[in-house]
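Asks: I would like the atomic coordinates for the input below:
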Amino acid sequence: MEWTEFAVRLTVAFLLGSALGLERQWRQRMAGLRTNTLVATGAALFVLLSVLTPDEASPTRIAAQVVSGIGFLAGGVILREGLSVRGLNTAATIWCAAAVGSLAGAGFFAPAVMGAIAVLISNTVLRPLSYRINQEPLQGTELELCYLCALTCRSDDEAHVRAALLQSLSKIQMRLRSLTSEDIEDAKDRVEVEAELVTQTRNDQALEDIISRLSLEPGVTAASWRIIEQEFG
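Replies: You can find the predicted model right below:
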């Protein structure tokens, strides 16, 4: 292989990886411009290594190792928060960047460009569609939303706050999954009461009304709610 051809392949991988990384960087993701560029460039270098060794019995063996090895890097950007998982899309983008780089390193420029365009379309054009689908009611699906209601109160008011929380929650159509109370270590004479609710009908306003009302109860010093997971029922 001529050095000019080597440089062209490496440059194409670099540019396409940068295009994928630019979109991730624009959205403030952990693996952004430099990460995706390095992944695509590194994959191209590995594939170019196999091209530079024509006596290799299986020239695609190194590319196959890139496919499996990139999974360790992609796994590093996946975060688990409670029972929810973040970073799957960014990890998939890194994996695709390696594929684009491998194609460019092998000299398949047109497939590499088409692959990069497909990834960009997935991360941009399909994003509004996925948001629209997520706003649809969950009835008839296997998905459930889990809400977490948290109240901080004085220890002496724990029983009253638990009863008030249960009474308020009984008025909405959500299934109570758990109700716990735990002393706060850094705050003397303070208890945190938490309730987890499961539903297929999203109703943020109902939770906001309940928490706002309970925050006025005597002894309650903090009150909040949030969605902690979306799971299969």
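Asks: From here on, just use CA atoms for contacts and neighbour counts.
Replies: Noted.
Asks: how about the helices of this structure, start to end?
Replies: Assigned by DSSP state H, the helices in the chain fall at 3-26, 33-51, 61-75, 88-105, 109-124, 126-134, 158-169, 204-214.
Asks: Need the winner for burial among the ones you listed.
Replies: Of all the helices of the chain, helix 88-105 has the most neighbours on average by mean count of other CA atoms under 10 Å, namely a mean of 26.
Asks: now for that helix, which elements pack on it?
Replies: Here helix 88-105 touches helix 3-26, helix 33-51, helix 61-75, helix 109-124, going by 3 or more CA pairs under 8 Å, 6 or more residues apart in numbering; DSSP states H and E.
Asks: Could you point out which of the helices of the chain sits nearest residue 182?
Replies: Closest approach to residue 182 among the helices of the chain is made by helix 158-169 (9.9 Å; CA to CA).
Asks: Now mean pLDDT too, for the helices of the chain, in JSON lines please.
Replies: Formatted as JSON lines, the helices of the chain follow (pLDDT from 0 to 100):
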{"stretch": "helix 3-26", "mean pLDDT": "82"}
{"stretch": "helix 33-51", "mean pLDDT": "79"}
{"stretch": "helix 61-75", "mean pLDDT": "72"}
{"stretch": "helix 88-105", "mean pLDDT": "81"}
{"stretch": "helix 109-124", "mean pLDDT": "83"}
{"stretch": "helix 126-134", "mean pLDDT": "65"}
{"stretch": "helix 158-169", "mean pLDDT": "87"}
{"stretch": "helix 204-214", "mean pLDDT": "88"}
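Asks: can the ones you listed go into JSON lines with extra columns for distance to residue 188?
Replies: Compiled in JSON lines, the helices of the chain are given as follows (distance: least, CA to CA, whole Å):
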{"stretch": "helix 3-26", "distance to residue 188": "43"}
{"stretch": "helix 33-51", "distance to residue 188": "46"}
{"stretch": "helix 61-75", "distance to residue 188": "40"}
{"stretch": "helix 88-105", "distance to residue 188": "40"}
{"stretch": "helix 109-124", "distance to residue 188": "48"}
{"stretch": "helix 126-134", "distance to residue 188": "42"}
{"stretch": "helix 158-169", "distance to residue 188": "14"}
{"stretch": "helix 204-214", "distance to residue 188": "21"}
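Asks: Export the helices and strands packed on helix 88-105 as TSV, with columns for distance to residue 164.
Replies: Shown next, in TSV, are these (distance: least, CA to CA, whole Å):
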stretch	distance to residue 164
helix 3-26	45
helix 33-51	50
helix 61-75	43
helix 109-124	45
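Asks: and of the ones you listed, who's closest to residue 89?
Replies: Among the helices and strands packed on helix 88-105, the nearest to residue 89 by CA to CA is helix 109-124 (8.2 Å).
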